[in-house]
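Peer 1: Starting from these lines, generate the structure:
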Amino acid sequence: MGDHGPAKGFGRWLYTTNHKDIGTMYLWFSFAMFLMGGVFALVIRAELFQPGLQLVEPEFFNQMTTMHGLVMVFGAVMPAFVGLANWLIPMMIGAPDMALPRMNNWSFWILPFAFAMLTSTLFMEGGGPNFGWTFYAPLSTTYAPPSVTYFIFAVHIMGASSIMGSINIIATILNMRAPGMTLMKMPLFVWTWLITAYLLIAVMPVLAGCVTMMLMDIHFGTSFFSAAGGGDPVLFQHVFWFFGHPEVYIMILPAFGIVSAIIPTFARKPLFGYASMVYATASIAFLSFIVWAHHMFTVGMPIAGELFFMYATMLIAVPTGVKVFNWVTTMFRGSMTFETPMLFAIAFVILFSIGGFSGLMLAIAPADFQYHDTYFVVAHFHYVLVPGAIFSIMAAVYYWLPKWCGNMYDERLGKAHFWLSFIGLNVTFFPMHFVGLAGMPRRIPDYALQFADFNQIASMGAFLFGFSQVFFLFIVIKTIRGGAQATDEVWESPEGLEWTVASPAPYHTFTTPPAVK
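Peer 2: As a prediction, the model looks like this:
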């Protein structure tokens, strides 16, 4: 702030270039978006509690399915991982801050405006986006409400934020590592984010191109996605999923890094197979670019195309299996203790594997004709994203919160939050496998009577899971405001080995200096 000294109050947050402040703002913003996206989900589950129209109009139901997906993906999961990257990467590699601190500030502050604009569409004439989070044309171009233009602008801003954040992360990791820290000595969280950042830079411009073509079709008379003008609606799906499939790996790779930090700490053993974990992450990232059309098995592609995308998709199970094997082997015969972060990490490994198995089922092209567009798909991706992305973020918060604020959270409350979330998650999403296999289509506000029982169970689980997150908010605020002082060695080993939260992996060649009070 020039000669006027440091900014006070709100100005401190508005102008800050400190990676810890920016990481904190990302995390709080993502938590607010998580609660908002959760409210949208609870509207969906309340509507589906019983058949027969009860709570909301079908049109509003469609807006909720769209907004829930968009807010959770772009507002909750991605900013949370960027926030963790901001906090942890400089400390893990021994850098004083991020490489481009002003751009760091800018990449955060455009996000609240993007999401304010996105949510404001719900109050516009004609309502908000009602075409699902994948916004397939021509539904999103020819038949969309007028608010779709604001939705497109909001997506552009989110993409710009992601690209700037990724450039910053790559520049920081490649240029600012401490002397002696080679790439193969970096903690795995840093590795997973380096690879994720390259993915983001590669696919975000594709999404920008996709929504720009939509904009042209809506306002400027082009026919990219209109068959009447010589375009092709299937082109939209190709362009969207060429972004969308790497995107789902963008939402899981940083989670792999978090879990690879937490499991060794509480098993009191170095991570098994460090190099293979790095190569597996890179393999998953590469393969994510050549499997996009497995979302499109039912559009009528040639049999050779179906076979290619089927085999390429099944191939991703190999590096993912390597990772699961390494996590399990790290725990094998370790001196394990089960603090809250470890509980979330173990739940991650088990439930993420369930999501992986249902994904393998969906990868089989002839079988996918049966599963496509049913609740089985909803069950699959929620088993990957909720225990995968969300649980890993929660694990990270419990694991690093003592380092962030200097206070220890209440272990009993943390465990209570874990069990409520774990039970709520499974009660919500496991029955969806059954109704999906029985043929219940997704994205519908009403359904046949035979699906009523499982939908009722799922809705009860959803409210349990949702309200558990308010409890999580209470725990975090309670910890920040006070509690037992965290020691330098937060997670003490029963064998006397000292493992600090600053150095969760044994690949550090230096000790992290204590945070300045």
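Peer 1: Helix, strand, or coil at Gly231?
Peer 2: coil (DSSP: H, G, I helix; E, B strand; the rest coil).
Peer 1: could we number from 562 for the rest of this?
Peer 2: Right, with 562 as the first residue, what we last looked at is Gly792.
Peer 1: Do I have it right that it meets Met777?
Peer 2: No - in this structure Gly792 lies outside contact range of Met777 using Cβ atoms under 8 Å: 10.5 Å. Backbone N, C-alpha and C define where each C-beta goes, glycine included.
Peer 1: Identify the contacts common to these two.
Peer 2: Common neighbours of Gly792 and Met777 are listed as Thr783, Phe785 (criterion: Cβ atoms under 8 Å, 6 or more residues apart in numbering).
Peer 1: Looking at the two, which one has more neighbours?
Peer 2: Gly792 (19 against 15; other Cβ atoms under 10 Å).
Peer 1: so who does that one touch?
Peer 2: Gly792 touches Asp778, Thr783, Ser784, Phe785, Phe786, counting by Cβ under 8 Å, 6+ apart.
Peer 1: the helices in the stretch 712-861 of the chain, which residues?
Peer 2: Under the criterion DSSP state H, counting those that start in this stretch, the stretch 712-861 of the chain contains helices at 749-780, 794-811, 814-828, 835-848.
Peer 1: mind checking which of these is nearest Thr859?
Peer 2: Of all these, it is helix 794-811 that lies closest to Thr859, at 10.4 Å by Cβ to Cβ.
Peer 1: average pLDDT across that closest one?
Peer 2: Averaged over helix 794-811, pLDDT sits at 98.
Peer 1: for stretch 763-782, same thing?
Peer 2: The model assigns stretch 763-782 a mean pLDDT of 98.
Peer 1: Would you pull up how far that stretch lies from the middle of the chain?
Peer 2: 23 Å (Cα atoms, centre = their mean, to the nearest Å).
Peer 1: Pull out the buried residues from stretch 965-980.
Peer 2: Trp965, Cys966, Asn968, Met969, Tyr970, Asp971, Leu974, Gly975, His978, Phe979 (16 or more other Cβ atoms under 10 Å).
Peer 1: Let's have the residues you listed in JSON lines, adding secondary structure.
Peer 2: Supplementary listing: these in JSON lines, determined by three-state DSSP:
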{"residue": "Trp965", "secondary structure": "helix"}
{"residue": "Cys966", "secondary structure": "helix"}
{"residue": "Asn968", "secondary structure": "strand"}
{"residue": "Met969", "secondary structure": "coil"}
{"residue": "Tyr970", "secondary structure": "coil"}
{"residue": "Asp971", "secondary structure": "coil"}
{"residue": "Leu974", "secondary structure": "helix"}
{"residue": "Gly975", "secondary structure": "helix"}
{"residue": "His978", "secondary structure": "helix"}
{"residue": "Phe979", "secondary structure": "helix"}
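Peer 1: between those residues, which is nearest Phe913?
Peer 2: Phe979 (15.6 Å).
Peer 1: Spatially nearest residue to the closest one (excluding sequence neighbours)?
Peer 2: Counting by Cβ to Cβ, 6 or more residues apart in numbering, Phe979 lies nearest to Leu904, which is 4.6 Å off, once chain neighbours are set aside.
Peer 1: Please apply the same query to Gly790.
Peer 2: Ser784 (2.5 Å).
Peer 1: who's in contact with that neighbour?
Peer 2: Ser784 neighbours (Cβ under 8 Å, 6+ apart): Asp778, Gly790, Gly791, Gly792.
Peer 1: Out of those residues, which end up buried?
Peer 2: With burial judged by 16+ other Cβ under 10 Å, the buried subset of the contacts of Ser784 is Asp778, Gly792.
Peer 1: Give me the distance between the residue nearest to Val772 when sequence neighbours are not counted and Pro673.
Peer 2: Excluding the flanking residues, the one nearest Val772 by Cβ to Cβ, 6+ apart is Ile713, at 4.6 Å. Ile713 is 18 Å from Pro673, where distance means Cβ to Cβ, to the nearest Å.
Peer 1: who's more crowded, those two?
Peer 2: A count of neighbours by other Cβ under 10 Å puts Ile713 above the other of Ile713 and Pro673, at 21 against 14.
Peer 1: I figured the more buried one was touching Leu776, is that so?
Peer 2: Yes - in this structure, Ile713 is within contact of Leu776 by Cβ under 8 Å, at 5.2 Å.
Peer 1: Need the residues that contact the helix or strand encompassing Ala873.
Peer 2: If you go by DSSP states H and E, Ala873 is part of helix 864-876. Among residues not part of helix 864-876, those counted as contacts by Cβ under 8 Å, 6+ apart are 848, 851-855, 858, 862, 920-921, 924-926.
Peer 1: what mean pLDDT does the helix or strand harbouring the residue nearest to Phe979 have?
Peer 2: Assigned by DSSP H and E, Leu904 belongs to helix 901-924. Across helix 901-924, pLDDT averages out at 98.
Peer 1: what's downstream of that helix, the next helix or strand?
Peer 2: Next along from helix 901-924, by DSSP H and E: helix 926-932.
Peer 1: Next, count neighbours for Leu781.
Peer 2: For residue 781 the amino acid is Phe, not Leu. Residue crowding around Phe781 was assessed by other Cβ under 10 Å; the count is 7.
Peer 1: same thing with His941?
Peer 2: For His941, the count of nearby residues is 24 (other Cβ under 10 Å).
Peer 1: quick one: buried residues of stretch 734-753?
Peer 2: Residues of stretch 734-753 classed as buried by neighbour count (16+ other Cβ under 10 Å): Ile734, Met737, Arg738, Met742, Lys746, Met747, Pro748, Leu749, Phe750, Val751, Trp752, Thr753.
Peer 1: which one among the residues you listed gets closest to Phe571?
Peer 2: Met737 (29.4 Å).
Peer 1: so that closest one touches Leu661, yeah?
Peer 2: No - Met737 is not in contact with Leu661 according to Cβ under 8 Å; the separation is 10.6 Å.
Peer 1: Which residues are in contact with the closest residue to Val604 other than its chain neighbours?
Peer 2: Closest residue to Val604 apart from its sequence neighbours, by Cβ to Cβ, 6+ apart: Met625 at 4.8 Å. Listed by Cβ under 8 Å, 6+ apart, the contact set of Met625 reads Phe601, Ala602, Val604, Ile605, Glu608, Val617.
Peer 1: Check Pro567 and give its pLDDT.
Peer 2: 65.
Peer 1: cool, Ala698 as well?
Peer 2: pLDDT recorded at Ala698 is 97.
Peer 1: Tell me which residues touch it, please.
Peer 2: Met775, Asp778, Phe785, Phe786, Ser787, Pro794, Phe797.
Peer 1: coming back round to it: most neighbours per residue, which of the helices of the stretch 712-861 of the chain?
Peer 2: Sort the helices of the stretch 712-861 of the chain by mean neighbour count, taking mean count of other Cβ atoms under 10 Å, and helix 814-828 sits at the top with a mean of 27.
Peer 1: what does the average pLDDT come to for that one?
Peer 2: Averaging pLDDT along helix 814-828 gives 97.
Peer 1: what's that helix packed up against?
Peer 2: helix 639-654, helix 749-780, helix 835-848, helix 878-892, helix 901-924, helix 952-966 (3 or more Cβ pairs under 8 Å, 6 or more residues apart in numbering; DSSP states H and E).
Peer 1: picking up where we left off before, of the contacts of Ser784, which is the nearest to Ala816?
Peer 2: Nearest to Ala816 among the contacts of Ser784 is Asp778, at 35.7 Å by Cβ to Cβ.
Peer 1: got the contact list for that closest one?
Peer 2: Ala698, Thr702, Thr703, Ser784, Phe785, Phe786, Ser787, Gly792.
Peer 1: Check Thr578 too.
Peer 2: Asp658, Pro662, Arg663, Asn665, Asn666.
Peer 1: can you confirm it is in a strand?
Peer 2: No - Thr578: not assigned to a strand; according to three-state DSSP it is coil.
Peer 1: phi, psi of the nearest residue to it once chain neighbours are set aside?
Peer 2: Excluding the flanking residues, the one nearest Thr578 by Cβ to Cβ, 6+ apart is Pro662, at 3.5 Å. Dihedral angles of Pro662 (phi, psi; degrees, to the nearest 10) stand at phi -70, psi -30.
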